[in-house]
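Engineer: A structural model of the following input is requested.
(chains A, B and C)
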Amino acid sequence: MSNATIDRQWTTRLRRRVEGALPPEKLLPDTQPSYVASWIYVFGVATLVALALVTLSGLVLALKGPTWWHVSNVGHFVNSTHLWSVELFFFSMVIHLWGKFFMAAWRGNRSLTWITGGVTFMASIGTAFTGYVSQTNFDSQWIATQAKDGINSTGIGAYFNVLDLGQMLMWHITLLPLAAIALTGLHVILVRKRGVVPPFADEVAA
Amino acid sequence: MSKKSFNPDVDVVEWTGTHRPYDIIKEGTIALVVMSLLVVLLSALFSSPDDRPATLRQWSHSDPVDFANTAFSELNGSSGTAGYGQPYNNTPNATQTIGPLALQRWMGVHIPVHPAADFVLATLATLPDSPIISAALQQWKSSSNTAQFTWMENFAKVTPTFSAGALHFPPVDAGPIPVLMSGLTSMARAGSLDQSLLGGGSNYYSTDYTRPLLFLADGNWFSGLAEKQHLAGDQWGMMNETGSYPGQAWLWLYTFWYQVPPFSASENADSLIWGLMMVLTVIMIFVPFIPGVRSIPRRTKVYRLIWRNHYRK
Amino acid sequence: MQPSHLAGVINLDHPGHYIHFHWLLISYGNAIVIGLMVATFVAVLFLPFPGSRLKDSHE
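Structural biologist: Residues are numbered from 1 along each chain as shown, chains lettered A, B, ... in the order given. Now for the predicted structure:
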C-alpha cells in the first residue's frame, strides 16, 4: 500500500489534526510563562478537583439509591461530603470566574474558552438545582413547589416537570452531569490548546 | 490596510518571553488532597440538612381545618392549582407573560391536573366499602351544575371546626359536600391520600409527585412550615436552606430580583425575572464580544495585582 | 420538621439566624459563604505566590 493511500485515510488525517492541535507538550506542559505566578491560577484546578469529588461522592450515593442517606449514618455522611464538595465546587468556580474576568482571559482567540466556561457554570447550576429537588425531604418538596412557577412561566415547565422526582433524578444523575463534565473537558482542552492568556500588551510596551 | 487594528480587549501579543517550571500534575495532586481533607472536615463539622418530608397525613393531623378548607378550594376551583393554567389546566388568563410572549400558555397543557376530579372526587371513589361516601359521590354526580354551584356557595360561608377526631360543620344546605370533605380528611389522616394521589400511569409504581405536591402547596400549613425556616419567595427563600446551613448562594442574583420593585409587586415576576436572567446569562457568556463590558478588566486594572511581578520588571 | 439524623460536631439543625436590612435578608450561612468567597478572592490577589521571586530558569 502506498504512503499516499495511508495519507488520505480518515484515521490518519484525524490523528495528524489532533497531534497538530494538541501535541503532548501542550497537553501536559512542564513550564508556564513566567507571568503565571499568582494564587488565582490554582482556582481552576481547585474547581476541577472539587468536580471530581462531587462526582465521586455522587457515585457512592448512587450505589445505594436515592433514599439510603435518610436511614443510614454512613449514607448521611456521604451525603454531607456530596453537599460540601458542591459548596467548594461553586466557591472555587466563582473565584476562578472573577479571576479570569479581571485578566480578560478571552483575549487572543480564547473567546471559546470563556464561553465554554460560562456554559459550564450554567450547566452546574442546573445540576445542583435538580440535586436539591431530588433530596426526597422537606427541602426538595419546598424548592420544587417554589421553582415550578418560574420554570412554568417560561413554558419549559411543560416538559421539565420539577415535581416529578423520577425525571429530576434522571436529569441530576445522568443528563446534566454528563453535560457538565463534557463541557469541563472541552474547556480544559481549549485552555491547554491556547495556553494561558498573556498580560495586557500595552502595559508591556509602556 | 490589510490588517485590522489591534484591540487590547480582544487581541494579544503572544508570549515569547521566559518560562518557569510549573508542575501541573503536582499542583493537581496537592489540590486533590487539600480539597478532600476540606470536604471530610466540613462534613464532620457541619453534616448536612435533612428535614423529613411533609405529608398530607401530617397536615391533616396538625391542621385539619386548613386541610379541609384547601380540599374544598380544590373542589370549587378557587385553589392555586385549580386556577393555575398551563401546563396543568386551561384556566383562562392565569398564566404569566413576557410582554407579548405568552410562552407558558403557548406550550399548552402537558401535565393535566384537574383538582376537583383528581384531588377530591376520583380519589374518594377509590375508597372501598364505604356506602356513605359512595352515596355522596353519587348525589354529587347526578345533580345539576346549578345545584352544585349553590351547595358550594353555601358551604363557602361556613367555617368547619375539628374536635374528637372529626370535622364538624354548622348546619348548612351544602348537599353532599360536608360528607365529601369529612371523607377526604379521614383519608388523609389515615395516610392513604398521600399514596393515592401519585401519578405516572402505573397503578403501583410512581416517581411522579406532581399532584400530592400541588395539593400540599395549595394550603397554608406547608408554606407556614417554610416561612418559619425563611424559605418563602419574599424571604430570599430560593437561596436559603433548612436549619442554619448555607444554601444555593449562587442563586443570589436570581433571588435578589424577587425582593425589589418592580418585580416584588408584579403578577408577572417569575416570567420577567426568568427573562432578565436569560439576558444577563447571555451577556455573561458573550462578554468577549460586548464592547464596553469587555474593557472593564483593562480599565479597572485589577490585573496589575495578578501580574505584578511581570509589570515590576 | 425534625431532622432524621445525627448532626455534625457543630449542630446546624436549628433555626438559622438572619441579617435583615431593608430588602436584604440573608442567612448567616450564606453570608459567611459569600463573605469568604470575596475575602479569598482579595487574599489571592495580594498573597505572594511561592517561587514567584525565583529567577526564571527556562527560555
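
Engineer: what's the closest non-adjacent residue to the residue in the stretch 101-250 of chain B that chain A sits nearest to?
Structural biologist: The stretch 101-250 of chain B approaches chain A most closely through B:Thr207 (2.8 Å), counting by Cβ to the nearest Cβ. For every residue, glycine as well, the C-beta is placed using N, CA and C. Closest residue to B:Thr207 apart from its sequence neighbours, by Cβ to Cβ, 6 or more residues apart in numbering or on different chains: A:Gly166 at 2.8 Å.

Engineer: name the element the one you found belongs to?
Structural biologist: For A:Gly166, the host element (DSSP states H and E) is helix A:165-170.

Engineer: Show me the domain layout of chain A.
Structural biologist: What automatic domain parsing lists as the domains of chain A is A:39-91, A:104-197.

Engineer: Could you list every helix and strand in contact with the host helix or strand of A:Leu88?
Structural biologist: Using DSSP H and E, A:Leu88 sits within helix A:73-102. Judged by 3 or more Cβ pairs under 8 Å, 6 or more residues apart in numbering or on different chains; DSSP states H and E, the packing partners of helix A:73-102 are helix A:42-64, helix A:68-71, helix A:111-132, helix B:24-46, helix B:296-300, helix B:303-306, helix C:28-46.

Engineer: so how far is it off the chain centroid?
Structural biologist: 12 Å (Cα atoms, centre = their mean, to the nearest Å).

Engineer: ditto for stretch A:132-147
Structural biologist: 23 Å.

Engineer: do stretch B:294-301 as well
Structural biologist: Relative to its parent chain, stretch B:294-301 has a centroid offset of 38 Å by Cα atoms, centre = their mean.

Engineer: just for the chain, where's the confidence low?
Structural biologist: No chain specified, so I'll use chain A. Applying pLDDT under 70 to chain A flags residues A:1, A:202-206.

Engineer: The intended chain is chain C.
Structural biologist: Judged by pLDDT under 70, chain C has its weakly predicted residues at C:1-7, C:51-59.

Engineer: picking that back up, run a quick check on the residue nearest to B:Thr207 versus B:Thr210, I expect a contact.
Structural biologist: No - judged on Cβ atoms under 8 Å, A:Gly166 makes no contact with B:Thr210 at a distance of 10.8 Å.

Engineer: residues contacting C:Leu45?
Structural biologist: Shown in contact with C:Leu45 (Cβ atoms under 8 Å, 6 or more residues apart in numbering or on different chains): A:38, A:40, B:302, B:305-306.

Engineer: any idea how far it is from A:Thr113?
Structural biologist: Computed as Cβ to Cβ, to the nearest Å, the C:Leu45 to A:Thr113 distance reads 21 Å.

Engineer: Repeat that for B:Leu56.
Structural biologist: In this view, B:Leu56 and A:Thr113 are 50 Å apart by Cβ to Cβ.

Engineer: So, low pLDDT: which residues of the stretch 101-250 of chain B?
Structural biologist: B:200-202.

Engineer: residues from it in reach of chain C?
Structural biologist: B:225, B:228-230, B:235-236, B:239-247, B:249 (Cβ under 8 Å from any Cβ of the partner chain).
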